[in-house]
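Student: What follows is a predicted protein model with its sequence.
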Amino acid sequence: MIQDDLVPQHRKLVSSYTLVDRIFRRVITTGGLFSLVILGLIGAFLLYRGFEIFSDFGFSFITGEVWNIGDPMDTSTAVLGIGAMLMGSVITSVIAILIAVPCAIAVALFIEFYSPRKVRLILTAVLDLVAAIPSVIFGIWGYAVLLPIIEDWSVPLERWLDFIPIFSVPSGIFGRSPFLAGVLLALMVIPIVTSVAREVYSQAPRDLIDASYALGGTRWGAIRNVVIPFGRSGLVGGAMLGLGRALGETVAVYLTLNLVFDINFRILGSAGGNVASLIATKFGEATEYELKALMAAGLVLFLVTLLVNFMASIVVNRSGKII
Amino acid sequence: MSLVLQGQVGRGEFSREIDAIVQQGEILAIVGANGSGKSTVLQTIAGIAALKSGRLSCDNEVWDEPITKIFTPAQDRHCGVVFQDLRLFPHLSLIANVAYGLRSTEMSKQEAHARAAEELTLVGLDELADRKPGQVSGGERQRAALARALVLRPPVLLLDEPFASVDVSSRKGLRDLLPSLVQGYQGSVVLVSHDPEDVQTLATNILTFG
Amino acid sequence: MTTILDSLEVPTPRRPWNKKRQTFVRSAILICISLVISWVLSSTTELGGVLGFYFGLAVCLPVVVLIESIRHGRNVAIDRVASSVILAIFGAVVIPWISIVTTVYQKGSKAFHSGYLTTDMRVTASGDPLEFGGVLHAIVGTLILVLIASIISVPLGITAAIYVVEIKGRFASTVRFFTQAMSGVPSIVAGLFIYSTICVFFGGFSAWAGALAYTILMLPTVARTSEEVLKLVPDELRAASYALGASQARTVFQVVLPTIATGLVTSAILGIARVAGETAPLILTASYFVATSRNVSEPIASLPIYIFSSLGLGDANATTRAWGGSLVLLIVVFILFSLARGLSARLSRK
C-alpha cells in the first residue's frame, strides 16, 4: 500500500464554510442589505402615496408654477405644480455651489500648502466641527446676522448691475432673497466640499510637486500645474456632494427665503422657492389631497438628490486614479 | 504524520521552487537570507498564502493543489503557528489567548481554560496568566505564543523566527525549553530561522534558501 | 602662516526655502497698507460696516501685493498675488464661522438663568419673561430620540460595515455605493417617508416615528465610519485567528470587533452628532410637546424643534429662547464631536 502514501486522496473541501459561518454570513448579509431595502421603501412609499397626483397632473406637476388647493371639498379644482419650487431649489443651490467651490479650493489649498503642520491639524478638526453645526443654527444665524448684511449689499449691487436681468429688482423689496439663501447654503456646504478637496490635494504626487520646485517654479506654479489638475475630478465629486446637500436643505432655507409660487430668476428680490421648504411650510395645514402632492414633491426631491449623489460617488470613487 | 510540499511558493520575485518532506517527529529548519521567501513557505503550509503550482499534502489529505482547485482553509488544517511578529490578540489576556484555539473546537470554557493553564505552566507563565500581552516582556510574549500554538497539539507546528524578537539572555532559556516541549509531542515541526545556533541545536533536517 | 584654506572665501549657505524675518516684515507692512486703504474706502464709499471693510481689504490686499512684487518679475508676482487671494478667501470663509459661534454664544447666554436646564415650558409661554421656563423637556426629548435611533442604527450600521469589509460578499460594492447614496437623502424626505408609513398607520405623531426618521439619517454615517475603522484592523490578526482554527464568526466577534471597540464608539457618536440637530424630519414625525415626557408613543420635544418653534413666534423673548436653545444644541454637538475626536485619537495611538 505504498502507492496510497505517495498519491494522497483528494479531499472534497474547496474552501467551504462551516455551519456557524454559513449562518453568520447569511445574517450579516441580510443586515448589510438593509440600506438598499430602506432606499427602495422610501421610493416605493412616496410613489404609492403620491401616485394620484402624478396621474392627475402628469408632467405639469413638475413644470407648473401654481400651487392652488381650490375648493378643499373638491379636489378637481386644485392646480398643483412644483415648477417654481424646483427652479428655486436649483437657483439657490447653483448660487451656493458657485460661491462654495472657489472658496473651498482656496481653503483646502491654504490648509494643505500654506499653513504649518500644527495649524493644519487644528483647521482639519475645525472643518469637521463646522460641518457638524446643525442647519437650524445656520438658519437662525442667517436670519439674524446675514439677512441685514445681504439686504444692505443688495441695494448697491442692484443699482450697479441693474442692466443684467437677474440682478434687477423691480419690486424694490430685498431681504429674504434666493441670493441670501444661496450664500447661507454656500457657508453650509463649504466644509463638505473643502474636506473632499483637502483629501484629494493631500494625495497629490509629492515627487511632481518637488520636481516643480526643483525646476525653479514657485509655490503657485506647483499648485497650478500639479495639485489642481490632479484634484480636478475629486473636486467635481465634492462639489456634487455639496450640491446634493444644498438641494435637500430645509430649515435654513425655510428661515431665509420668502416662498413665492412664481419662477423667479431675480436673485436679489425677496421671492423664491425650494422644494424641501415647500414641504415644511405646507405640511402643517395641508388637506388630504395636498398631502399627497407633498409626498409626490418629496419623491421628486428624493430622486433628484439620489441622482446627484450617485454621480458624486461615482466621480469621488474614481478620483485620484486619473493622471 | 508526514508533510509533503512540492511546487512553486509565493508570488512575483519572491516565488521559488521547493521540494520538501517532513516526517513525523522531524524538525525541518529552513535557513536563508532575509527576503528569500522563508516566511512565505510557512504561510503556504498554514493556509494563509496559496501555492502557485504543485501540491501540498499532509498524510493523505491534499491541502493545496492549484491544478485541481483544492484548497483546505486555514481553520481546517489545524496547524500550530508561531508568527514572527507573534500576533497575540492585544485585547485578550494571555490565558484567553492560549485558550482561543481550543474554544474554536467547541470545547467548554472551563475545560479550555484548564488546558490553557496547564500549557502556560509548562512554559513558565502560570503567574502571568491574567496579564494582557502589552503588560509582559518580549520573552514572555514569545512563550505565550508558543503555548498558544502547542496547546492545540497540532500535527504540524510552524515556527517563524521563534526567537527573533527576544533578547539574547532569554533566548538561551527558550532554546532549552523548545526541545523539551517538542519531544513529548507527536508531529512535524517546520522552523524558519536565520540564526545558525537555533538550527544546530534544534533541527534534524536543514533546507537552505539562497 | 597662510594656508590655502584661509585664502578661500567660504560662502554662507543660502536657504531660499526658509522663511526669513524679512518675509514676515514685508507681509506685515503690505497687510497694514491694505488695512489703511480699505479703511479709507469703507469710510468714504457705500461699502459700510465691518463686512464692507473686510471686502475692501480682500480686494486691496492682492492689488497692493501685486504693485509691490511686480519688480521681482512675473512669476514671483503671480505667486504672491495667489497667496494673498487664498489668504483673503480663507478669511472670508472663517469669519462667518466665527460669527456663528460668537453670535450664538452672545445671544444665547441671555436666555440662561439658574433654572434654564432644569425646568420645562409646561406652565410658561414662549413670550413670557426669561426667568421662567427652560429646555429640560427638549434635552430629555432629544436624548430619548437619539437613544432609540442609536439602538437601531448602530448594530445595523456595523453589520453593513462587516458585510463590506469582512464578508466581502457579492453585493459588497453595491452596499457601499448605496450607503454612500443614502447619506445624501434629504432629511425632510426621511421625515416624509416615516410620516407616510409609521404616522399614517399608527395614528399621528410620536417619539417613535421621530427616532425612526433619525435612524435613517444615522445609519449611513455609522456604516461608513465603521467601515473605515474595520479597515484599520491588520489582516495579520485575522490570519492568526484562522490559523488557530477559529471560524469567521469567532474571528469577527472575538478578535476584529474587540480590537477596534473605541472606533465603533466613535462611529456611533459621529452618527449622533450628525442627527442631533436635524430639524426637518421631526417637524413631520415627532412634532413638539411643551412638558418633559418619556412617553415614546406621544409627540415629544427636542432641541431643534424647540428652537424652530420659538423662532416662528416673532416675540423678542421667544427669539431669545431660540438662541438659548441654539447655544445648548451647539454645546451638545461640540461635546459629542470632541468626544469622538478624543476616542479616535486614542485608537490611532494604539
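Tutor: Now that the structure is in, tell me what you want to look at. Numbers count the residues shown, from 1 in each chain, chains lettered A, B, ... in the order given.
Student: in what helix or strand does residue 108 lie?
Tutor: You didn't say which chain, so I picked chain A. Using DSSP states H and E, A:Ala108 falls within helix A:83-109.
Student: To clarify, I was referring to chain C.
Tutor: Residue-wise, C:Gly108 maps onto helix C:74-109 under DSSP H and E.
Student: Please state the offset of the next helix or strand after that helix from the chain centre?
Tutor: Once the chain leaves helix C:74-109, the next helix or strand it forms, by DSSP H and E, is helix C:136-162. In this view, helix C:136-162 has its centroid 18 Å away from the chain centroid, taken as Cα atoms, centre = their mean, to the nearest Å.
Student: Now stretch C:89-108: buried residues?
Tutor: C:89-90, C:92-93, C:96-97, C:99-101, C:103-104, C:107-108 (16 or more other Cβ atoms under 10 Å in any protein chain shown). Heads up, the C-betas are built off the backbone N, CA and C, glycines and all.
Student: so which of these also contact chain A?
Tutor: C:89-90, C:92-93, C:96-97, C:99-100, C:103-104, C:107 (Cβ under 8 Å from any Cβ of the partner chain).
Student: with these in mind, which one is nearest to B:Tyr100?
Tutor: C:Trp97 (49.4 Å; Cβ to Cβ).
Student: Any stretches of the chain with poor pLDDT?
Tutor: With no chain named, the answer covers chain A. A:1-16, A:319-323 (pLDDT under 70).
Student: wrong chain, I was asking about chain C
Tutor: Those would be C:1-21, C:45-50, C:348-350, if you go by pLDDT under 70 across chain C.
Student: does the residue sitting nearest the centre point of chain A sit in a helix or strand, and which one?
Tutor: In chain A, the centroid-proximal residue (Cα atoms, centre = their mean) is A:Gly244; its distance is 1.9 Å. A:Gly244 belongs to helix A:228-248 when elements are defined using DSSP H and E.
Student: Where does the residue in the stretch 101-250 of chain A positioned nearest to chain B sit, in terms of helix or strand?
Tutor: For the stretch 101-250 of chain A and chain B, the shortest gap (Cβ to the nearest Cβ) falls at A:Asp207, measuring 23.5 Å. Element membership for A:Asp207 (DSSP H and E) is helix A:206-214.
Student: Now do the same contact list for residue 177.
Tutor: Chain wasn't specified; assuming chain A. By Cβ atoms under 8 Å, 6 or more residues apart in numbering or on different chains, the contact list for A:Ser177 reads A:150, A:154, A:257-258, A:267-272.
Student: That was the other one, I meant chain C.
Tutor: Taking Cβ under 8 Å, 6+ apart, one finds A:310, A:313 in contact with C:Phe177.
Student: that older thread, is there any residue in the helix holding A:Ala108 that contacts chain C?
Tutor: Yes. Interface with chain C: helix A:83-109 contributes A:102-103, A:106-107, A:109 (Cβ under 8 Å from any Cβ).
Student: Give the other helices and strands that that helix contacts.
Tutor: On a contact count with 3 or more Cβ pairs under 8 Å, 6 or more residues apart in numbering or on different chains; DSSP states H and E, helix A:83-109 meets helix A:60-63, helix A:178-202, helix A:228-248, helix A:275-283, helix A:288-318, helix C:74-109.
Student: now the last one: how far from the chain's centre is it?
Tutor: What separates the centre of helix C:74-109 from the centre of its chain is 18 Å, taken as Cα atoms, centre = their mean.
Student: The second one now?
Tutor: The chain centroid and the centroid of helix A:178-202 are separated by 10 Å, computed with Cα atoms, centre = their mean.
Student: is the helix or strand that contains A:Pro148 up against chain C anywhere?
Tutor: A:Pro148 belongs to helix A:147-160 when elements are defined using DSSP H and E. Yes. Applying Cβ under 8 Å from any Cβ, one finds helix A:147-160 in contact with chain C at A:149, A:152-153, A:156.
Student: out of the residues you listed, which is most surrounded?
Tutor: Most neighbours among the residues of helix A:147-160 next to chain C, by other Cβ atoms under 10 Å in any protein chain shown: A:Trp153, with 22 neighbours.
Student: ok, which residues in chain B are in contact with chain C?
Tutor: B:43, B:46-48, B:73-76, B:78-79, B:81, B:83, B:85, B:87, B:89-92, B:100-101, B:103-105, B:148, B:152.
Student: Which ones among those lie within helices?
Tutor: Cross-referencing the residues of chain B next to chain C against helices under DSSP state H gives B:43, B:46, B:100-101, B:103, B:148.
Student: wait, what's in contact with the closest residue in space to A:Arg245 that isn't next to it in sequence?
Tutor: Nearest non-adjacent residue to A:Arg245, counting by Cβ to Cβ, 6 or more residues apart in numbering or on different chains: A:Val189, 5.4 Å away. With contact taken as Cβ under 8 Å, 6+ apart, A:Val189 is in contact with A:96-97, A:100, A:242-243, A:245-246.
Student: For the residue of the stretch 51-200 of chain A found nearest chain C, which non-adjacent residue is spatially closest?
Tutor: Nearest residue of the stretch 51-200 of chain A to chain C: A:Pro134, at 2.2 Å (Cβ to the nearest Cβ). The shortest distance from A:Pro134 to any non-neighbouring residue, by Cβ to Cβ, 6+ apart, is to C:Gly277 (2.2 Å).
Student: For residue 130, give me the backbone phi and psi.
Tutor: Just going to use chain A. phi -60, psi -40 (degrees, to the nearest 10).
Student: got a list of what it touches?
Tutor: A:191, C:97.
Student: Over to A:Val193?
Tutor: Taking Cβ under 8 Å, 6+ apart as the test, what A:Val193 contacts is A:100-101, A:104, A:235, A:238-239, A:241-242.
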